[in-house]
Structure formats: C-alpha cells, structure tokens
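J.: Predicted model follows, preceded by the sequence.
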Amino acid sequence: MIVAIASGKGGTGKTLLATNLAHIAGEQNNVRLFDLDVEEPNDHLFLKFENQSTEAVKNMIPLVDESLCTYCGICSQICEYHAIITLADQVMVFPELCHSCYGCLELCPENAISEGFKDIGTITKAANGKLSLVTGRLRISETATTALISRTQKVLPDSETLQIYDAPPGTSCPFIETAKRADFILLVAEPTPFGLHDMDLVVQTLRQMDKPMAVVVNKSEPGNTLIEDYCMEKNIAVLARIPLRDDIARTYATGDLIIDKIPGMRYLFVELLRRLINETETMRS
Amino acid sequence: MKEIVVLSGKGGTGKTSITAALGVAAGGQAVVVDCDVDAANLHILYQPQNEQVHEFYSGKLAVIDYKTCSACGVCEEKCRFDAIQFEDGRYVIDEVSCEGCSVCSHLCPEKAITMIENKTGNWYQSRSRFNHWFVHARLGIGQENSGKLVSKVKQEAKKLAETEHIPYLIVDGPPGVGCPVISVFSGTSHVLIVTEATRSGLHDLKRLVELIDFFKAAASCVINKYDLNETITREIEAFCRAHRIAVINRIPYNGIFSAALRNNQTLMEAGDPMIIDKINEIWNHLKT
Amino acid sequence: MKVAFTAQGKSWKDLIDIRFGRAKGFFIVDTESGETSFISNTENVEAAHGAGTSAAQSIASAGVQELVTGKVGPKAASVLKAAGIRVLSGIGYASIEEAYERYKRGNLTEQSIG
C-alpha cells in the first residue's frame, strides 16, 4: 500500500504530517517514508536517524568521440534542449541542459556518441527500528527533478511495508510523477483562500488520474469550515484537523516531532492512522 | 529597468503575501508578475480586471497516426520516459509522461509519429484592483513546468514595462530550486529572499543560496516569523553574512498574515502600521 | 570579416538588443564588402533554457567572427570562445548604425571570458 501526502500549496504541512504519521505507524509496523520533495527535502530534519548510506544518482549525457565525428550537426538539430552544440571543428555538451533522452546517441550517423554520465543528485537511506527513510536530493543547478523522484521511488522495501510518499508541492510533473504510483492520496489543506484554491487544483488533477483521496485540515481554527465545506461538496472524507497553535508552530520550527512535544497530538495521529487504514481498506474491497 | 525576483526555496514563508504588498507599495512604478505558475495565487489578492488572455504552447507532444503505424514497438523500446505503452492492441502515448524529446518521431520506421505543439496553459495581462499592471499565468493541470511559461510571463511583463516606461518589475518567483526557478534568473537584477526562522526554512535557504551563487545573482533577505526561534534567526543571519547577503528586515510571527489573507487583503490593507512600515522599508531598500 | 550586432530589427535605424541568447535577431555586417544580412533568433526568444548556446551556434555557423552586444551569459560565452568569436559587450541604448560607428572607431571593450 502506497499513500502519498500532498498539497497544492507549499508550506501547508506535508512534512509535518508525513514525519509524525510515519513515526506513529513505525512504532507498530514496517514503514518506509520516501521524501520525494527532492528540490527541498526536509523529512530528515525531523527524523534524525543514524545508520545512513548515500549513493550518487547518475543520468546519461552524450560522450562524443571526435575521431569519428564529422561535425554534421544532426545531434544539435534534433536536440530539443540545446544541450549539444556543433561548431566547425568541435562539439560541446552542456550537461545541465541535457534531459537524457538519448536522441543524439540514437541518431548520430557515425555512431560517434556513447553514454557518458552526470550526477543529478543523491539518494540517502536511513532507518530506526521499523521506520526507514529514503531521501532524494537534487544536485543544485540540475533540472532532473522528475527523473530523481522516479529513481527514489524505486528503492523498494524488502518485505510487507506501508510506503508513505512525502510529495513535492504543486500540480505539475514532479507531483504527477509522485502520485502516479500511489494507491491513495492524503491531502493536507489549510483553510485560507490560497489553500482552498490550490487544493481544488490538486483535487481536479487527482480526479483526472482516478486516485482515491482523503483530507487533513492543518492550521485549523474554530468556526473556519472553508475546507470542510469544500470536502462536503466534493464528497471527500476529512480524517483529522490539526489546530493552528503557536506551540505547534514553534515545535515545527525547532525541528521536533509534535507527537513527542505537544499534548493531544499523539492521540490525534494514532486516530488519523486508524482512519487512514480504514479508508484504504474500504477502497481495496 | 530593474527586475526584482522574490524567492523562498521553501513554500509557506510568506513570499506571495510580501510580494503582493510590495506591489502595492510600489504604486504605479512596478509591473507585478506572478511567475509561480503552478498553483498561482497572486491573482486572488489582486483580482485582475480587463484581462487579455493568451494561449501558451510550449514543448511538444508525440502523436501516433494509427493508419501508418505498423506496431513494430521501436517507439516503446526507445522512449526513456515510459511514455509509450502497449494497450488494447496498440501503442499508446501517455500525454502526461511524454517529454516532447521527439526521439520516437525521429526513429519511427513508418514515419507515423508527429510532434505537435502542446498547449501548456494561458498567460494574462491585466490591471489589478489597484489599477497597476499585472501579468500572470496558469499552467494547465498536469502540464510540464519546464520554465518556458515562467520565461514567457516575465518577458511579456518586461515588454510591457518597456512600452509603458515603468521602471520596476516585481516578480513572485516559483518555489524550489528546479527548472522553473532556474528560468526566472535570466535577466534578473536582484533577488529578494523571504525565509522563515525554522529548521526547514534554514535548510532550504542554504540550497537556494547555492543556486543564487551559481548564477552569480545579487541578493538580500527578509526573515519572516523571526521570533518563532531566535536561535535559528541568528544562524540565518550568520549564514547570510557569510554569503554577503544583507538581511534587510525581520518580521515577527504574527496573525496579521493569515488575518489579511482570510479577508483577501494585502498586508498593506490589514490595518497594522508595523507591517505597513516594514513593507515600505523593504521597498525603499529595493528601489536603490 | 563578419561582425554581428544583437538587434531588435533588420534595418540600420533599428535598436540594438542588449540581450544575446534571447535577442530578436542578429544584424550581420561584412566589413569588407559592406553587405548586410539578418538572422532571426525567434526560436530562442522564448526558450526556457539553452537560448544562449543555441544562438552562439547560429552565429558561428554564419561565419561571424566578432559580436557586439550588451551582455553574454557564461554558457553562451564558452561556445563563442570555442568558436573563436570575439565578444565586445557593454553596448546599451543605441541604433545599429550608431553601434557600428562605435565599433569602427574601436570604442568598445572586449568581454573577458574566464
């Protein structure tokens, strides 16, 4: 079972939800949390595990054998990203622009191009008891966000494990890549005009993708039912409401888990997990 | 013409609220541009009028002509983005996964694949409810966000500023450090970083600054929610000093941001003199 | 020798475009024959990335040896350097005609490419 935690808007509480939920779930069962916000991964700040290993992730870039190259320029003509440039007597490759489509390699009439590699980022694995954390981290100046997300998702657990994806914000390709492989989406929404607007965009996207979903309201205030009203109208279950409180904000600011520091939060997350499992089970049958 | 881009790395730091307020402080002296095209929010506060809508096409999409297709499978084999599947007896292209690289089209032995222009979204030119120029865009659902729409929006805003002789561009930048943010650097005079006094905020700030250094762009910083954790605020200040980034203002963690937002108001309209002063200070600093 | 000016239009009276990668086009003058030509750069005007490298390739294949512009980014600069094209940058608001005069008088500074 793969549950993705998403929100359209950034800063709504995905990381707060993902880390606290994973921690609670990991107390009883095998859980793997994937931090797929590869541009700005934060989960590791809250789940500070020892026992880490990091590996580099590489993508293809063209390697031109100039002894075979005739400077015909076909590679440059077909490259949609202007990553390979042909001059009168040399070929230049710009690794950050390359999207690793292999087009130049496939189409070079002289077979002068082979596979070279560039680092696009890293994947770090860490664990503590039954909870493991896999973090994708994009190399700065690289544009391969979606490719790194897909590689990070492939670090599959060995046994029966609940997989949680901490999704990147937005509704474009990085989010789609994440949600594609998820069985269920838990949306975090904040009851503000921006929050509602962005949530609606995600809901529309997920409906197009035919993904089941439920909602957690974060920064909830008594009397403010902006999100609940929307969910009622769209027939989406609301599984929990995390209140807007200064002590929660401060605990998050410091990099601590709220289930450890704020009264009532442990109970909230235990209940949330129970309801989430219920929802996913209903969905399966 | 001076182009100021507001970035944060992390979402939720108050970037859009502050950008919206700076636009108001600038009066008619700035064209405000919303380059956060994936889940754009500024228009909610600015309520644009007299919008000119333009369609935006970027990148390409592969389309198979089944009359010519011999189902040889070369396209599926060579596609590096898992965008072609064999389904219901034929090869089908997944529009969302298709990168538009054109490799399948070049390799198809029957020449059955053509590349069409992909409609990515719309961009709009309008007057905000403050009667200032406002340019923004909306990315279609599930569309690629390579940064082309970001580039387009900024360019159109620049053209507008040049034609109307408006001296400043204030840009609400995209979050993160990927494609869309990289696109927004081109032609920028100055980056205003809005960060927050949290562990996540500091972590993301460091990555954003690495990107800013890569592009050798000039930057200054505003620390929002500074009293959430003053130890972290000091760490942020030390980090900025080390990277020659001036911290030009600090804003307390304050209900005013959410109160204003809830009423669809900018920070300049929420009736809090402290925040109004701070926004004016920030604008005065950026102007020079 | 061919010298290119990043340009907003095709005639001598049109203005210089201070950008390189996203310039509207390149106004090329053959200093020996006096012939002029214009290469459009519209394909790169809206490119999100790689505009500069592609523009550099365009002018290199047109046989340009010197370039007069406002500013060139690092990737484009590396292509121009590899192609042996001398870059004279820093030109601001001027018509192509005026820019050419300054070029002939030797009033422009070469951009050093690290």
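T.: Okay, I see it.
J.: Next, count neighbours for residue 17.
T.: All of this refers to chain A. The tally of other residues near residue A:17 (other Cβ atoms under 10 Å in any protein chain shown) stands at 24. Where you see a C-beta, it was placed from the backbone N, CA and C, and this is true even at glycine.
J.: sorry, should have said chain C
T.: By other Cβ under 10 Å, the residues close to residue C:17 number 23.
J.: Please verify my assumption that residue A:52 contacts residue A:123.
T.: No - the pair formed by residue A:52 and residue A:123 falls short of the contact definition of Cβ atoms under 8 Å, at 10.9 Å.
J.: more neighbours, the two?
T.: When residue A:52 and residue A:123 are compared on other Cβ under 10 Å, the one with more neighbours turns out to be residue A:123, at 21 against 12.
J.: any idea how far residue A:210 is from residue A:174?
T.: Counting by Cβ to Cβ, to the nearest Å, the separation of residue A:174 from residue A:210 is 20 Å.
J.: Which of those two has more residues huddled nearby?
T.: residue A:174 (27 against 6).
J.: What distance do you get for that one to residue A:39?
T.: For residue A:174, the distance to residue A:39 (Cβ to Cβ) stands at 8 Å.
J.: got any residues that touch both of those two?
T.: Jointly contacting residue A:174 and residue A:39 under the rule Cβ atoms under 8 Å, 6 or more residues apart in numbering or on different chains are A:145, A:168, B:178.
J.: Stretch B:180-199: end-to-end distance?
T.: 24 Å (Cα to Cα, to the nearest Å).
J.: show me what contacts residue 35?
T.: All of this refers to chain A. Going by Cβ under 8 Å, 6+ apart, residue A:35 touches A:18, A:41, A:42, A:43, A:44, A:133, A:134, A:135, A:136, A:152, A:166.
J.: wrong one, I was asking about chain C
T.: Residue C:35 makes contact with residue C:29 under the criterion Cβ under 8 Å, 6+ apart.
J.: so what secondary structure elements neighbour the longest helix anywhere in chain A?
T.: Counting by DSSP state H, the longest helix found in chain A is helix A:265-284. Judged by 3 or more Cβ pairs under 8 Å, 6 or more residues apart in numbering or on different chains; DSSP states H and E, the packing partners of helix A:265-284 are helix A:14-26, strand A:184-189, strand A:213-220, strand A:237-243, helix A:258-261.
J.: Taking the centroid of chain A, which residue is nearest it?
T.: The residue lying closest to the centre of chain A (Cα atoms, centre = their mean) is residue A:36, at 2.5 Å.
J.: Who are the contact partners of that one?
T.: Counting by Cβ under 8 Å, 6+ apart, residue A:36 touches A:136, A:149, A:152, A:153, A:165, A:166, A:167, A:168, A:174, A:178.
J.: Same check on residue A:92?
T.: Listed by Cβ under 8 Å, 6+ apart, the contact set of residue A:92 reads A:84, A:85, C:53, C:78, C:79, C:82.
J.: now do 10 Å
T.: Under the criterion of Cβ atoms under 10 Å, 6 or more residues apart in numbering or on different chains, the contact list for residue A:92 reads A:64, A:76, A:83-86, C:53, C:56-57, C:75, C:78-79, C:82-83.
J.: just the helices in the chain please.
T.: Just so you know, I chose chain A. Applying DSSP H to chain A gives helices spanning A:14-26, A:43-46, A:74-78, A:103-107, A:145-153, A:173-180, A:193-208, A:226-234, A:246-254, A:258-261, A:265-284.
J.: meant chain C actually
T.: Assigned by DSSP H, the helices in chain C fall at C:42-45, C:51-61, C:74-82, C:96-104.
J.: For chain A, find the nearest of the ones you listed.
T.: Proximity to chain A, assessed across these by Cβ to the nearest Cβ, is greatest for helix C:51-61 (4.2 Å).
J.: quick one: average confidence on that closest one?
T.: Summarised as a single mean, pLDDT over helix C:51-61 is 93.
J.: buried ones in it?
T.: Buried residues in helix C:51-61, counted by 16 or more other Cβ atoms under 10 Å in any protein chain shown: C:51, C:52, C:53, C:54, C:55, C:56, C:57, C:58, C:59, C:60.
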